[in-house]
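Enquirer: sequence and predicted structure below; questions after.
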Amino acid sequence: MNKITNHLATAELQALDAAHHMHPFTANAELAKKGARIITQADGVTLTDSEGEKILDAMAGLWCVNIGYGRDELAEVAARQMKELPYYNTFFMSSHVPAIALADKLAELAPGDLNHVFFASGGSEANDTNIRLVRRYWDLMGKPGKKTIISRKNAYHGTSIGAASLGGMQGMHAQGGMPIPDIVHIGQPYWYLEGGDMSPEDFGLMRARELEAKIDELGEDKVAAFIAEPIQGAGGVIIPPESYWPEVSRICAERDILLIVDEVITGFGRTGEWFGTEYYGLKPDIMTVAKGLSSGYAPIGGSLVSDRVAEVIGREEFTHGYTYSGHPVAAAVALENLRILEEEKIVDHVKNEAAPYLAEKWHQLADHPFVGETTIVGMMASLALTADKSVRKPFKASPGTVGFMTRERCFGNNLIMRHVADRMIVAPPLVMTRSDIDTLFERAVKSLDQAYEDVKDAGLMETAD
Ligand SMILES: *Cc1c(COP(=O)(O)O)cnc(C)c1O
């Protein structure tokens, strides 16, 4: 029997957690001193912790709880599926109804001819699949030299060694021999801190053309694919200048390389369209999905694959797959999540109501003396903290110092808002109402006011040279 139940005191839970639980992306020694915040329940857009505090979750968990917490329908579907068929694999010429139904539904929802799905349990696994898919594709096309995948600095594609290699996070690459061979990174379209004196549009074009230059440098006969998030999420909600994606699309159309669009965050309504691909008018050969696919209620992800690529891959055995590819319970839960997204017109709600209102509020934060810029698309937004609004420059303190102080104030005010270096980001559940957004805004203002004073008091209100 599980001896750990919610009636244990918070301190006891924290001690057990510190003793035995290794947390992702955490300095565990530091956490052990501080004690984790223990979340016990959630409903709608609100979490409850073990002290009974109600916290507004403006990050939808990890960008995933698109339909909000507490939807019994998903729990019921999961229970029913567990009783009927809790598990069976999809290897060796077998299949089952939930995987079939979900693949069919995804083919219907996905843009263009992305009519085929290779299932995984999350985004990292799906991106590992993608590395293998694109290299295998070119092998079968008689071009085995086309192996290199071009990605971007500060991209996030997951944490397995393949996915983290695709990603462009220096802090991750520094821990364990990454990137693996034949993955290279070009610059990101991050105008605020990297655009210098250029206009956003000129800078967007310049960063897009790094793709063309990299293909020329390596040789088109060596390049398999380009992978990118429509909007970088974990990189800090970096919304590219408007010139960026049309130019990348032009380059991809002119060159014989595949385009992998990582929609793990931007998929399933976050931008106000079903997919970021539609928001930006992209034509991917492969699309990575996870997170919002099940609104986080069950671990599932996948690669949506075009007719052309799927036909080639299917010619012979593709020696790849996960025990839980198309897991029946996860697939059934995802299907129910998609039903709710569709029937409750949640994507329209984002586009016509929630996102415009969030944008109105979010841009008001730009007037704060501590805020250098605000950006938003759909229900993903970020702001740059600044020591001096008249320049676009980082703080003198090491990146993240000020962001962390601000995040701590948010946490203290029962608002989950994340920081990436010194950008503050939100990606709330898509079902937020106006009054939820008002609460988010009030707590954000209060937290910014407090953090602004904290940073001044700490003598950190200084711009880097
Ligand atoms: C979260 C994320 C991933 C990794 O997904 P996991 O389910 O954590 O493996 C990949 N790509 C993007 C864009 C993500 O945000």
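Expert: On my side now, so go ahead. Numbering: from 1, shown residues only.
Enquirer: would you say Y279 is within a helix?
Expert: Yes: counting by DSSP: H, G, I helix; E, B strand; the rest coil, one finds Y279 located in a helix.
Enquirer: for it, what are its contacts?
Expert: P230, T266, T271, G272, E273, V377, G378 (C-beta atoms under 8 Å, 6 or more residues apart in numbering). For glycine as for every other residue, the C-beta is placed from the backbone atoms N, C-alpha and C.
Enquirer: in stretch 293-309, what's buried?
Expert: Judged by neighbour count using 16 or more other C-beta atoms under 10 Å, the buried positions of stretch 293-309 are 293-306, 309.
Enquirer: what's the answer for stretch 15-35, then?
Expert: D17, A18, L31, A32.
Enquirer: start and end of that stretch, how far apart?
Expert: Start to finish, the residues bounding stretch 15-35 are 7 Å apart (C-alpha to C-alpha, to the nearest Å).
Enquirer: and the contacts of it?
Expert: The contact list for stretch 15-35, computed with C-beta under 8 Å, 6+ apart, reads I4, L8, T10, A11, Q14, A36, I38, T159.
Enquirer: which ones are touching the fifth one?
Expert: Under the criterion of C-beta under 8 Å, 6+ apart, the contact partners of Q14 comprise G35, A36, I38.
Enquirer: which secondary structure elements does the longest helix seen in the chain contact?
Expert: Looking across the chain with DSSP state H, the single longest helix is helix 434-457. Judged by 3 or more C-beta pairs under 8 Å, 6 or more residues apart in numbering; DSSP states H and E, helix 434-457 is in contact with strand 54-57, helix 355-364, helix 401-412, strand 415-416.
Enquirer: let's go with 6 Å and repeat that
Expert: Where contact means 3 or more C-beta pairs under 6 Å, 6 or more residues apart in numbering; DSSP states H and E, helix 434-457 is packed against helix 355-364, helix 401-412.
Enquirer: report the angle between that helix and helix 355-364.
Expert: On the basis of axes from the mean of the first three to the mean of the last three C-alpha atoms, to 10 degrees, helix 434-457 is oriented at 20 degrees to helix 355-364.
Enquirer: how about helix 434-457 as CSV, C-alpha atoms only?
Expert: Coordinates of the C-alpha atoms in helix 434-457 are reproduced here as CSV (Å, rounded to 0.1, in the frame of the first residue of the first chain):
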residue,chain,number,x,y,z
ARG,A,434,-11.6,37.3,-18.3
SER,A,435,-11.8,37.2,-14.5
ASP,A,436,-8.9,34.6,-14.4
ILE,A,437,-6.9,36.9,-16.6
ASP,A,438,-7.7,39.9,-14.3
THR,A,439,-6.4,37.8,-11.3
LEU,A,440,-3.3,36.9,-13.3
PHE,A,441,-2.7,40.6,-14.1
GLU,A,442,-3.2,41.8,-10.6
ARG,A,443,-0.8,39.3,-9.1
ALA,A,444,1.7,40.0,-11.9
VAL,A,445,1.7,43.7,-11.2
LYS,A,446,2.1,43.2,-7.5
SER,A,447,4.9,40.7,-8.0
LEU,A,448,6.7,43.1,-10.5
ASP,A,449,6.3,46.0,-8.0
GLN,A,450,7.8,43.9,-5.2
ALA,A,451,10.6,42.4,-7.3
TYR,A,452,11.5,45.8,-8.6
GLU,A,453,12.1,47.0,-5.0
ASP,A,454,14.0,43.7,-4.2
VAL,A,455,16.3,44.1,-7.1
LYS,A,456,17.0,47.8,-6.3
ASP,A,457,17.6,46.9,-2.7
